[in-house]
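generate a structure from the sequence data that follows.
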Amino acid sequence: MRDADLRDNWFQVKTFPTLSFKSTSFKKVSGQNYKMKGNMTLHGVTKPIELDVVFNGKGQSPFTKKYSYGFTITGKLNRNDFGIGADPVPTGVANEIELRSNVEFIIN
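Sure thing, here's the model as predicted:
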């Protein structure tokens with residue numbers, strides 16, 4: 001029931017089936033740490049967002065000989081900025097949402 005409520009009433013996935021992020025800058029902060037700025041489109045609303053990126057390293061596949069590069073991306077957004085959900089008091093869901101993604105890029 002919770003998942004159906006989130007899909008139908010909060011995210012309205014039939015009307016807004018995707019989210020997107022388009023980077024506008026990527027800059028080294030120090031060591032393996034970077035800042036990535038861009039525009040997040042969620043629930044039909046586009047807002048600027050800044051994300052922290054950590055380069056976790058690279059490795060070469062012994063089978064394909066291709067290199068892969070790993071990153072952890074974190075950040076926060078305010079769901080109210082995107083018109084998602086209801087007041088946090090009756091729902092118990094905070095306005096500030098933490099984002100976290102682990103990604104891997106393979107170079108062909």
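
and His84, how far is that from Phe105?
Quick fix: residue 84 reads Ile, not His. Ile84 is 29 Å from Phe105, where distance means Cβ to Cβ, to the nearest Å. From N, CA and C alone the C-beta is placed, and that goes for glycine too.

more neighbours, those two?
For Ile84 versus Phe105, neighbours defined as other Cβ atoms under 10 Å are more numerous around Ile84 (20 against 10).

just list the residues touching that one, thanks.
Neighbouring residues of Ile84 by Cβ atoms under 8 Å, 6 or more residues apart in numbering: Trp10, Phe11, Leu42, His43.

check whether it sits in a helix, strand or coil.
coil (DSSP: H, G, I helix; E, B strand; the rest coil).

from Val45, how far off is it?
Taking Cβ to Cβ, one finds Ile84 at 9 Å from Val45.

quick one: find the helix or strand in this structure with the lowest mean pLDDT.
helix 88-91 (a mean of 61; mean pLDDT, DSSP states H and E).

name the nearest residue to Thr41, ignoring sequence neighbours.
Leaving aside its sequence neighbours, Thr41 sits nearest to Ser20 (Cβ to Cβ, 6 or more residues apart in numbering; 4.7 Å).

count of neighbours near that neighbour?
Other residues close to Ser20 by other Cβ under 10 Å number 10.

what does Asp3 give?
For Asp3, using other Cβ under 10 Å, the count is 7.

which SSE is it in?
helix 2-5 (DSSP states H and E).

got the buried residues for the helix or strand following that helix?
Using DSSP H and E, the helix or strand that follows helix 2-5 in sequence is strand 20-30. Neighbour-count burial for strand 20-30 flags Phe21 (criterion: 16 or more other Cβ atoms under 10 Å).

same deal with stretch 101-108?
Going by 16+ other Cβ under 10 Å, stretch 101-108 has no buried residues at all.

tell me the SS of Glu98?
strand.

that one: what's it in contact with?
Counted by Cβ under 8 Å, 6+ apart, Glu98 has contacts Thr74, Gly75, Lys76.

any idea what it is bridged to?
Taking DSSP bridges as the rule, Glu98 bridges to Lys76.
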